[in-house]
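>>> With the sequence up front, the predicted model follows.
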Amino acid sequence: MREILGRRRFTWAWEHLSGRRLWGTSRRYPHRSSLRNAALTCATRWQWPVVPGAAVSGKASGKAAAAVCSCPDPACVVPGAHPFDPILLAATTDEAMVRWWWTNRPGAPVILATGGRAPCAISLPAVAGARALATFDRTGVRLGPVVATPTRFSVLVEPYGLEELGDLLYAQDWVPSSLRFHGEGGYVALPPSETGAGKVRWEREPEGAGARDGARGSEGAPWLPRMETLLDVLVEESAATPDSGSRLAY
């Protein structure tokens, strides 16, 4: 913790002394600038705690080439889609800290620390997610932000506690293992991060609470649905999709 606090003291000087170099870098590498802007939007405008993820460092050799994570685990199954250094507990909404992180690691994925006052998430295979979204659209159920990779969709919802989650799951006949819950102590990679599964994007863009009514203030924190309004459909569609096994794949 002392290391994190110490870094903040250098933020102002770094930004002012290196302003010209950072401007040039952002123009040469627009994706890296967009990652920093996305992290700042989450942290400062939406008050979502974020932390830089472990970047994808390259491809493994062999017939089945796969992305290699920069973390020490050679068998990492979620390359680029998890925090490493700093750890998840360092996630913050502090603007100075977020700027410092993405100034020094401009290509780092944006990782949302779920739970607490931040959104929680329910993730499921992409095929099941696409079907679930079609069902919600057909039945008029409003969705909040939905994060997508080529392999999985993550539906962001209002924060929930373990007791509430347990009660809702108990009411289900069966919950497939491909449906995963990201609550307190969990995390989700946010756009426009690059992970081992591919580019992270918004399948459904975040909308302010008054966006559909044309109300002012729609630029604040995105509107989020309650988990119980979505769970039945997400369970049903996940159950209808073959489970790829126990390996995590984001």
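Right, received. Where do you want to start?

>>> Residues contacting the longest helix seen in the chain, please?
For the chain, the helix that runs over the most residues, judged by DSSP state H, is helix 126-139. Outside helix 126-139, the residues within contact range by Cβ atoms under 8 Å, 6 or more residues apart in numbering are 124, 141-143, 146, 148-153, 155, 178, 203-204, 230, 233-234, 237-238, 240-241. Placement of C-beta: from N, CA and C, glycine included.

>>> Can you list phi and psi of the nearest residue to E228 once chain neighbours are set aside for me?
Nearest residue to E228, sequence neighbours excluded (Cβ to Cβ, 6 or more residues apart in numbering): L168, at 5.9 Å. Per-residue torsions, L168: phi -70, psi -40 (degrees, to the nearest 10).

>>> Then F181?
The phi/psi pair for F181 (degrees, to the nearest 10) is phi -120, psi 130.

>>> Show me where the chain dips below the pLDDT cut-off.
Within the chain, the stretches with pLDDT under 70 are 1-32, 58-66, 209-219, 243-250.

>>> And the helices in it?
Counting by DSSP H, the helices of the chain are 2-8, 11-17, 19-28, 30-40, 95-104, 126-139, 162-170, 231-239.

>>> ok, the residue nearest to E228 touching L231?
Yes - in this structure, L168 is within contact of L231 by Cβ atoms under 8 Å, at 5.7 Å.

>>> quick one, which of the two is more surrounded?
Neighbour count, other Cβ atoms under 10 Å: between L168 and L231, L231 has more, with 21 against 17.

>>> Quick check: the more buried one touching L124?
No - the pair L231 / L124 is not scored as a contact, 11.0 Å apart, by Cβ under 8 Å.

>>> how far does stretch 146-165 sit from the chain's center?
9 Å (Cα atoms, centre = their mean, to the nearest Å).

>>> Which positions in it come out as buried?
146-149, 151-157, 159-160, 165 (16 or more other Cβ atoms under 10 Å).

>>> Would you format the residues you listed as TSV with distance to R131 included?
Output for the buried residues of stretch 146-165, formatted as TSV (distance: Cβ to Cβ, whole Å):
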residue	distance to R131
V146	13
V147	17
A148	13
T149	17
T151	15
R152	14
F153	10
S154	15
V155	13
L156	18
V157	18
P159	26
Y160	23
L165	23
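
>>> Farthest-apart pair in those, please.
T151 and P159 (25.3 Å; Cβ to Cβ).
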